[in-house]
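In: Could you work out the structure for the sequence below:
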Amino acid sequence: MRLRNIANARKTLEQHPEMVILDPARHKGLWKKIFENNNPIFLEIGMGKGQFICDLSERMSDVNFLGLEKYDSVMFRALQRLVLNPRQNVLLLRGEAENLLEYFAPGEIERLYLNFSDPWPRKGNIKRRLTHMEFLDRYKIILVPDGEIHIKTDNRLFFEFTLQHMNKYGMRFELINLDLHAKEPKDNIRTEYEESRSAAGAVIYLAVCKFIG
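Out: Below you'll find the predicted structure:
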């Protein structure tokens, strides 16, 4: 999917420091202090236009949510959504998954969401997949010991790769759903991409897993 550049997106993001964190490394280990409460923190990596994280934060008001995104133009769309419907328990972070250990202290996150991550289908890009073992190493550090990873995708090859790598890593699967929308749970919150792909007839896969030990 081609990313449309939005003029002055960065300038707009800079004008909303109460909602947007452009240098998350400055707040490593301090996120609960930023939110001014002791609620658990859930992180979505690659939040897109923010529909998922905003809808989930409304349903779970006793949880703090961080949405990580690397593209200014995409963050701009998420910010627009927050401006129209402000959430005290949501912050948008400008950053990349490769740098998670710079942004978060060990055990600072209680749940991770990986929604429709780029599958990077070419073999030469395997290490860029967000469920590669090198990323799992990072997730294990920033998650609490019993923290969960929730994964949704419409790419079967990526899903199979994910299950294989997590199994090799010694993770425990709490849930595997090979057709989430066949009997869609009432508590499922769709992303914008999920809605469009489902409407086009794509199968949506879901996995929920934890690290062991």
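In: ok, and what's touching the strand ranked longest in the chain?
Out: Longest strand in the chain by number of residues, with DSSP state E as the criterion: strand 143-153. Outside strand 143-153, the residues that touch it by CB atoms under 8 Å, 6 or more residues apart in numbering are 107, 109-117, 119, 131, 139, 159, 162, 174, 180, 191, 194, 204-211. The C-beta positions use only the backbone N, C-alpha and C, and glycine is treated the same way.
In: This structure: strands as residue ranges?
Out: Shown for the chain, the strands assigned by DSSP E span residues 20-21, 41-45, 64-69, 90-94, 109-115, 143-153, 172-177, 205-210.
In: Deepest-packed of these, please.
Out: strand 64-69 (a mean of 26; mean count of other CB atoms under 10 Å).
In: who does that one touch, helix- and strand-wise?
Out: Under the contact criterion of 3 or more CB pairs under 8 Å, 6 or more residues apart in numbering; DSSP states H and E, strand 64-69 touches helix 31-35, strand 41-45, helix 51-59, helix 72-84, strand 90-94.
In: So which of these is nearest residue 124?
Out: strand 41-45 (22.0 Å; CB to CB).
In: Sheet partners, orientation included, of that closest one?
Out: strand 64-69 (parallel), strand 109-115 (parallel) (DSSP bridges).
In: Which among the ones you listed is found nearest to residue 29?
Out: Closest to residue 29 of the strands paired with strand 41-45, according to CB to CB: strand 109-115, at 11.5 Å.
In: Okay, angle between the closest one and strand 143-153 too, please.
Out: 10 degrees (axes from the mean of the first three to the mean of the last three CA atoms, to 10 degrees).
In: Just the mean pLDDT for strand 109-115, thanks.
Out: Average pLDDT, strand 109-115: 98.
In: ok, now stretch 135-147?
Out: Mean predicted lDDT for stretch 135-147 stands at 97.
In: Then stretch 187-207?
Out: Taken as a whole, stretch 187-207 carries a mean pLDDT of 96.
In: Flag every buried residue along it.
Out: 189-191, 193-194, 197-198, 202-207 (16 or more other CB atoms under 10 Å).
In: would JSON lines of those residues with distance to residue 99 be doable?
Out: As requested, the buried residues of stretch 187-207 are exported to JSON lines (distance: CB to CB, whole Å):
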{"residue": "189", "distance to residue 99": "27"}
{"residue": "190", "distance to residue 99": "28"}
{"residue": "191", "distance to residue 99": "23"}
{"residue": "193", "distance to residue 99": "24"}
{"residue": "194", "distance to residue 99": "26"}
{"residue": "197", "distance to residue 99": "28"}
{"residue": "198", "distance to residue 99": "32"}
{"residue": "202", "distance to residue 99": "31"}
{"residue": "203", "distance to residue 99": "32"}
{"residue": "204", "distance to residue 99": "29"}
{"residue": "205", "distance to residue 99": "27"}
{"residue": "206", "distance to residue 99": "27"}
{"residue": "207", "distance to residue 99": "24"}
